Structures are given as structure tokens and as C-alpha cells.
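> need a 3D model of the following:
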Amino acid sequence: MEKTLIVFKPDAVMRGIVGEVLTRFERAGLKIIAAKMLAPDYDHYFKHYEGIGSLKTRKGDDIFESQLRTMLQGPVLAMVLEGVEVIDLVRKMVGDTQPKTAVPGTIRGDYAHVSYGAASAAGFGVSNVLHASADAAEAKKEIAHWFSDAEIFDYQATHEVFTQPKN
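Okay, here's the model as predicted:
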């Protein structure tokens, strides 16, 4: 089974939509194998966005710093989801990074509407509800950055218990 990291950003936590959004992942058959609420510091986000994601290298200092300012606005809820081809499925469900171009029916299309320009003018990164790993290599690094092995659980979901043949 494949694993991916999702992080409910401060805008999702502060708006009280985490449960509603999380339900969409569970209804798609994805299993939560790790979860925690935390308020990471600048260094944690620096490693996440630059050490793993290369945001500063790709987009420059202004965008990088505005993204970190946005993430430092409040607590986040980090989770590891598991499922068949979970990375591609979650990316499809989440939608385009810029909410104004995210298709209705995706999480960002339904819960956010900010453009890069509006966010930049306000001095913040775009509020787009969630972070989701881009690919398998990134997911592996991100999960290790956010969770220890002891915080990740291995269990059978009900649908797994009742759909696997008995030995």
C-alpha cells in the first residue's frame, strides 16, 4: 500500500472544516495511519518547503517567506493516509494549488477561492486548505519529517478484515 502526507493548513483548522474535508478522504476508502495536531516552527517549515520541496529554489525568497508566514498563523493537523495509488488519488481530490483555478468538486475548488495575486498583495501565501505530497519520493521524505515510526500505525480497516480470504 502506498502512503502520502496531508497537512490541513491553518486556514482549514481555523475555519473548522477539517472534519468535513477528512470525511471525503475516508469516503474514498483511504485509511488514516497517523495523525497529530501541532504548531511547527520556522525551521520545521523551512525543511519541509525548501529541504524537501525546494520552494525557495523554484519560486524565490518572497514566495517562500510568504508561504512560511501563512503556515505560522496557527496550528495544523498532519496526517498520513494509506491506500491504493493514494498519492495520485489525493492530488486529484485536492485540486489545483491555486484555488481560483481548482475545479469545482475538488477540495480546493469547493473550499477556497484565493488567487496567487490576491495572496501576494496581502503579503501571505495562498490559503488553499491542504498540503498533499506531490510524488512517492516526496511523500517518503515528508512522512519521515513529520512523523516518527512509532507514530505510524499498522492495522486493518473494517473493509480489509471482511474482504480478505481466511488462511
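> now residue 32: how far from residue 87?
15 Å (CB to CB, to the nearest Å). (Each C-beta comes from the backbone N, C-alpha and C, glycine too.)
> between the two, who's got more neighbours?
Per other CB atoms under 10 Å, whichever of residue 32 and residue 87 has more neighbours is residue 87, with 20 against 15.
> show me where pLDDT drops low in the protein?
Across the chain, the ranges flagged by pLDDT under 70 are 167.
> what are the boundaries of the strands in it?
Using DSSP state E, the strands found in the chain span residues 2-8, 31-38, 76-83, 130-132.
> which one of those lies closest to residue 146?
Closest approach to residue 146 among the strands of the chain (CB to CB): strand 76-83, 4.9 Å.
> just want the angle from the closest one to strand 31-38.
Strand 76-83 and strand 31-38 are oriented at 170 degrees to each other (axes from the mean of the first three to the mean of the last three CA atoms, to 10 degrees).
> for strand 76-83, packing partners?
strand 2-8, helix 10-15, helix 18-27, strand 31-38, helix 136-146 (3 or more CB pairs under 8 Å, 6 or more residues apart in numbering; DSSP states H and E).
> point out the most buried one among these.
Highest mean neighbour count of the helices and strands packed on strand 76-83: strand 2-8, a mean of 23 (counted as mean count of other CB atoms under 10 Å).
> before we move on, the earlier item: nearest to residue 106, out of the strands of the chain?
It's strand 130-132; of the strands of the chain, that one is closest to residue 106 (CB to CB) at 10.3 Å.
> okay, buried residues for that closest one please.
By neighbour count on 16 or more other CB atoms under 10 Å, the buried set for strand 130-132 is 130, 131, 132.
> for the second one, which non-adjacent residue is closest in space?
Translated: residue 131. Nearest non-adjacent residue to residue 131, counting by CB to CB, 6 or more residues apart in numbering: residue 7, 4.1 Å away.
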